[in-house]
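In: just need the structure, nothing else, for what follows:
(chains A and B)
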Amino acid sequence: MVNAHSGKAVQEGDQDFHPGEPGFSQANPMRLKYLRKPGAKKCLLAIFSLILSLQLSAQIPDAVYKSNIRSVRFHLYGSQLSLPVYNLNSMDQLELNFDDMDGNVKSYYYTFVLCDYNWRPVDLNPFTYIKGFTQQRISNYRYSSIALTRYTHYQAILPDRGTSLTLSGNYMLKVYLDGDTSKLAFTQRLLVLDQRLRSTPRWSSPLCPTRPGPAR
Amino acid sequence: MIRFTANINGLDSFSAAQQVKVVILQNNRWDNAIRDIAPTFVRAIRSISVR
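Out: Residues are numbered from 1 along each chain as shown, chains lettered A, B, ... in the order given. Okay, here's the model as predicted:
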């Protein structure tokens, strides 16, 4: 029963298992024994769904994946309360700030990933929407000076001169370690705007006959 | 209630009701964004009203 927890062994046994086959039970008595356990298949399914959910969770924008990353801020340059919106083919600059509580220097890189309306990555080669370098290293960092906690503050102004985006849409900014996208640190949303139409929304209080409207 | 229209005359002709997407954000927050809004009217001028 040692191998009962190993997903691979269960899977192999599952494929080989033919109940009517003569001599099977004599040849592999151990395999049959743990396949008969009702939990084996459910356990395998749980492992698979766990792997699947982990892969899906790596796609969520605005998420931090490393515990040493704190206070991620991403906005227009010099305007802390703004939404990160970049006008296509403009001189707009965005500012990315974050702290690494480990207090040492690591090489963080960023890249852009084009997403659809539902923020799922689009199945396109990055070269179709990024002109220039597809990833950039964040080389601007500063150690904490008067704080009691040691941390490193990183700042990046983007898009970098060597990189430009050529398509409008929803983008996910991925920040990761050592140029390896599997070492994802955090993600942020970025809107790239190609203004084709203008819309002027009008606000009005909803009409409710039973309750008087708010005081003007 | 927010009522707005979007004039799509400047865009290439396509199925506007499917291809024009609307997201409404409150205070730049994404956690309470209003999405998947169906237009009330699609005319030569597209008009949407919600809330």
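
In: what are the boundaries of the helices in chain B?
Out: With DSSP state H as the criterion, chain B has helices at B:16-19.

In: residues of it that sit close to chain A?
Out: Within chain B, the positions near chain A by C-beta under 8 Å from any C-beta of the partner chain are B:1-8, B:10-11, B:21, B:23, B:25, B:28, B:30, B:35, B:51. No exception for glycine: its C-beta is placed from N, CA and C like everyone else's.

In: restricted to strands, list those residues.
Out: With DSSP state E as the criterion, strands contain B:2-6, B:25, B:30 from among the residues of chain B next to chain A.

In: of those, which is the nearest to residue A:153?
Out: Ranked by distance to residue A:153 (C-beta to C-beta), those are led by residue B:30 at 24.5 Å.

In: what's the pLDDT at that closest one?
Out: Residue B:30 carries a pLDDT value of 89.

In: might one say that it is in contact with residue A:63?
Out: No: using C-beta atoms under 8 Å as the test, residue B:30 is too far from residue A:63 to be in contact (11.2 Å).

In: related to what we said a few turns ago, now neighbour count too, for the ones in strands among the residues of chain B next to chain A, in CSV please.
Out: Below are those laid out as CSV (neighbours: other C-beta atoms under 10 Å in any protein chain shown):
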residue, neighbour count
B:2, 14
B:3, 14
B:4, 16
B:5, 19
B:6, 19
B:25, 13
B:30, 14
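
In: and the two most separated of those residues?
Out: Top of the distance list for those (C-beta to C-beta): B:5 and B:30, 24.4 Å.

In: the closest residue to chain B within chain A: neighbour count?
Out: When scored by C-beta to the nearest C-beta, chain A has residue A:201 as its residue closest to chain B, at 3.8 Å. A count of neighbours around residue A:201, defined by other C-beta atoms under 10 Å in any protein chain shown, yields 14.

In: could you do residue A:190 as well?
Out: The burial count for residue A:190: 24, using other C-beta under 10 Å.

In: is the closest residue in space to it that isn't next to it in sequence in a bridge, and if so with what?
Out: Distances taken as C-beta to C-beta, 6 or more residues apart in numbering or on different chains place residue A:171 nearest to residue A:190, at 4.2 Å, with adjacent residues excluded. On the basis of DSSP bridges, residue A:171 is bridged to residue A:114, residue A:190.

In: could you report the pLDDT at the closest residue to chain A within chain B?
Out: Proximity of chain B to chain A (C-beta to the nearest C-beta) peaks at residue B:4, 3.8 Å away. Residue B:4 is assigned 81 on the pLDDT scale.

In: if you drop the residues flanking it in sequence, what lies closest to the residue of chain A closest to chain B?
Out: Leaving aside its sequence neighbours, residue A:201 sits nearest to residue B:4 (C-beta to C-beta, 6+ apart; 3.8 Å).

In: pretty sure the one you found is touching residue A:203, no?
Out: No: at 9.7 Å, residue B:4 and residue A:203 do not qualify as touching, with contact defined as C-beta under 8 Å.

In: wait, doesn't residue B:3 sit right on residue A:204?
Out: Yes: the criterion here is C-beta under 8 Å, and residue B:3 meets it with residue A:204 at 6.7 Å.

In: so what's the nearest residue to residue B:28 once chain neighbours are set aside up against?
Out: Spatial nearest neighbour of residue B:28, excluding adjacent residues (C-beta to C-beta, 6+ apart): residue A:83 at 4.5 Å. By C-beta atoms under 8 Å, 6 or more residues apart in numbering or on different chains, the contact list for residue A:83 reads A:75-76, A:191, B:25, B:28.

In: which pair in the residues you listed has the greatest spatial separation?
Out: A:76 and B:25, at 15.2 Å, using C-beta to C-beta across those.

In: what residues does chain A have near chain B?
Out: With C-beta under 8 Å from any C-beta as the criterion, chain A meets chain B at residues A:61-62, A:81-83, A:117, A:189, A:196-206.

In: now go through those residues and say which are in strands.
Out: Applying DSSP E to the residues of chain A next to chain B, the entries found in strands are A:189, A:202-203.

In: which one of the residues you listed has the most neighbours?
Out: Neighbour max across those (other C-beta under 10 Å) = residue A:189, 16 neighbours.
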